[in-house]
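# below is the sequence, then the predicted model.
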Amino acid sequence: MMRHEAYITGIGLSEVGVRLSRSPLGLTVDAVREALADAGLGFDQIDGVATYPGRMPAFLGFSPVGTEDLIETLGLRTRWHAGGGEMTAQLGAIALAAAAVRAGHARHVICFRTVYEAAALARPEEYPPLRRKEVDGASQWTAPYFALSAANWTAQFATRHMKRYGLTREQLAQVALNAHANAARNPRAIVKKPLSLDDYMSARMISTPFCLYDCDRFTDASTVIIVSAGDALDEVTGVPVRVAATAGSVDRYSWDQAEWAGAYATGRDLWRQTDYTAADVDLVQFYDGFAFQPITWLEGLGFCEVGEGGRFIEGGARIALDGALPMNTGGGQLGAGRLHGFGMAHEAVTQLRGHAGARQVAGAPRVAIATSGGGPMAAALLLARD
Amino acid sequence: MSVPRPRPKLDADNRAFWTGGAEGKLNITHCADCGEFTHPPRPVCRHCRSENVAPKSVAGTGRVDSYTVNHQPWMPGLDTPFVIARVALDDAPGVYLTSNIVGCPVDAVDIGDAVQVRFEQQDDIWYPLFGKAV
Ligand SMILES: [Zn+2]
C-alpha cells in the first residue's frame, strides 16, 4: 500500500426518499455514521471534509448542508476542507480529497453530497424556492425564456446529437429501461416498478426529446464517501478501493454558451493519468440526471466512437447486469434516486467490494468508472480493487 | 406564455443587451482590439483580455444551433408547449443566445433554420426573441 495513493475506505447512505421529514443535516449525519462504521474509523480520525457545491442559501433544497455545518455539528478537528460549485462537477469533491491525501494534507476525508429537493418543494416556508421574478448571474440567460430546468438545457444537446449522429428515442430508452431493471434489485432504490419500452414511448414529454422517464426526480438523501491516504490503511477495516485516476473539466460555466464538451475532454484526460485502458473496465456508473448523459460518457471515455453511443446500447443487452459493460448497476439516478453524482461512486465501490447482493456483477469485477455531469462540467473517477 | 417573463436584474455589464431593443438593436459585447465577441457580457474581452470592450449592434440574424420543445409547466400559468432554442448569431461567431422561437407552430422549427430577432417589451426590458426568417 503506497503512501502516495488514495483509497475509498468507507461509504454511507442515508435513508433515500421523497419528502422525508428528517432534516438534511440529520440525513448527512446518518450517512457519515454508516460510512465511518463501514471504514472502521472514529470521528476523531477524520481530518478533512469535502463537498459539492457547499451550502447554497438561495437554493437550500439543492444544497442544504456545507462543510462548515458538518464540522460544527460533529465537532470535527479538521485541517483540510473543500467545497464550492466551481468544481469540475460533483465527483470533483472526491477527486480533490484524493489529491489532498496523496499530498499528505489529510489522512481520512469525509466527502458528502446532501440533497433535499423533494422535501424542500413540499415545505416552501422553510426552504424557499428559487427566486423567479428577478434573475441575475447565469440564470438571466435562460430563465427569461422559461428555460427553467437543466432538462431544457440538456435536451437541446440531445436534439443536436440526434440530428448529427442519428441517436433515436428507442436507444435513449435503453438507459431508462436498464435503470429500472437494476433498481428493482437494489433495496435502497426509490423506483420499484419495472418499465417497458411501450411505457417509455407513450410517456408524457417533459422537453423534447426527453420524456418523463429520461429525467431523474427530486430526492432527499445524503451520500458519504471516505477517502483515505495509502499510509493510513492500517487504521481502517473496510475493504479499500483505490482511486486509480481522476479527471475533470469545465467547458463553460454559463450553460447557454457551452458545448457538450465535458465528457469528451474528461474522458481523454482520464486515460492520460493511468496505464489502464477502457478494455480493462468491468463496469461503469455514468451520471444520468438525464438519459442522454451516459450516451456521451460512453463516447467520451472511448467505449465507442463519437456519435456511436446510441448504437452501442441498442437493445440494452450490452449494458445489462450480465452484459459486456454493465452500466448503472444500482439503478443510477433514474432508478435509485437523484443522489447527484455521489451515488455513482457509492455503487461502484459496492460492486468492486462484491457487496451488491442481487445486483452483483459476476466475475469479481476489479475496475470501475464513476462519473458526474458530462456537459458544461464533468468529472470521472477510475476505481480499482487491487 | 401567459405569465410574465422572469426579469433580468440590470447592471453595468448587461444593460445594453437587455435594453437595446428599445432602439431595435441587438447589442453584444465586442472587443475593439481583437474584434471578438464576449457573451455573457463582461468588462474584459475573454479572448485577448483587453478592457477596450463595448456593446456593438449586430444584425440579429442567426441559425438554430439546437432546440427543444418544452411541455412541462415549470411554473403555474405557463402555457405549453413552446420552443426553446440556442441561436448562433451570424455575425458574432461563438456567441449563442438561448431564446424562444415564436410566430410559427412548435413543430416547424429545426436545426439550421434561419431566424431573425424580434423584441418583446416587458416594462424596461426588451427580450430578444426570434422568428423564422422569411
Ligand atoms: Zn479582445
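Ah, there it is.
# next, the contact list for the residue sitting nearest the centre point of chain B, please.
By CA atoms, centre = their mean, chain B has its centre lying nearest to B:Leu97, at 4.1 Å. Listed by CB atoms under 8 Å, 6 or more residues apart in numbering or on different chains, the contact partners of B:Leu97 are A:Trp141, A:Asp256, B:His39, B:Gly62, B:Arg86, B:Val87, B:Leu89, B:Pro128, B:Phe130. For every residue, glycine as well, the C-beta is placed using N, CA and C.
# narrow the residues you listed to those that are buried.
A:Trp141, A:Asp256, B:His39, B:Gly62, B:Arg86, B:Val87, B:Leu89, B:Pro128, B:Phe130 (16 or more other CB atoms under 10 Å in any protein chain shown).
# make JSON lines out of these and add distance to the ion, pLDDT and secondary structure.
Converted to JSON lines, the buried ones among the contacts of B:Leu97 look like this (distance: CB to the ion, whole Å; pLDDT from 0 to 100; DSSP: H, G, I helix; E, B strand; the rest coil):
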{"residue": "A:Trp141", "distance to the ion": "21", "pLDDT": "97", "secondary structure": "helix"}
{"residue": "A:Asp256", "distance to the ion": "20", "pLDDT": "95", "secondary structure": "helix"}
{"residue": "B:His39", "distance to the ion": "13", "pLDDT": "98", "secondary structure": "coil"}
{"residue": "B:Gly62", "distance to the ion": "21", "pLDDT": "98", "secondary structure": "strand"}
{"residue": "B:Arg86", "distance to the ion": "23", "pLDDT": "98", "secondary structure": "strand"}
{"residue": "B:Val87", "distance to the ion": "23", "pLDDT": "98", "secondary structure": "strand"}
{"residue": "B:Leu89", "distance to the ion": "17", "pLDDT": "98", "secondary structure": "strand"}
{"residue": "B:Pro128", "distance to the ion": "23", "pLDDT": "98", "secondary structure": "strand"}
{"residue": "B:Phe130", "distance to the ion": "27", "pLDDT": "98", "secondary structure": "strand"}
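# the residue nearest to the centre of chain B falls within a strand, correct?
Yes: the assignment for B:Leu97 by DSSP: H, G, I helix; E, B strand; the rest coil puts it in a strand.
# any idea what it is bridged to?
B:Val87 (DSSP bridges).
# cool, A:Ile110 as well?
Applying DSSP bridges to A:Ile110 gives these bridge partners: A:Val49, A:Ile226.
# do you know how far A:Ala151 is from chain B?
Computed as CB to the nearest CB, to the nearest Å, the A:Ala151 to chain B distance reads 7 Å.
# looks to me like that residue is in a strand.
No: assessed with three-state DSSP, A:Ala151 is helix; it does not lie in a strand.
# chain neighbours aside, what residue packs nearest to it?
Spatial nearest neighbour of A:Ala151, chain neighbours left out: A:Ser207 (4.8 Å); criterion: CB to CB, 6 or more residues apart in numbering or on different chains.
# and for B:Gly112?
Spatially, and ignoring its direct neighbours in sequence, B:Gly112 is nearest to B:Arg63 (5.9 Å; CB to CB, 6+ apart).
# give the buried residues for the one helix or strand the one you found maps to.
In the assignment (DSSP states H and E), B:Arg63 maps to strand B:61-70. Across strand B:61-70, burial judged by 16+ other CB under 10 Å covers B:Thr61, B:Gly62, B:Arg63, B:Val64, B:Asp65, B:Ser66, B:Tyr67, B:Thr68, B:Val69, B:Asn70.
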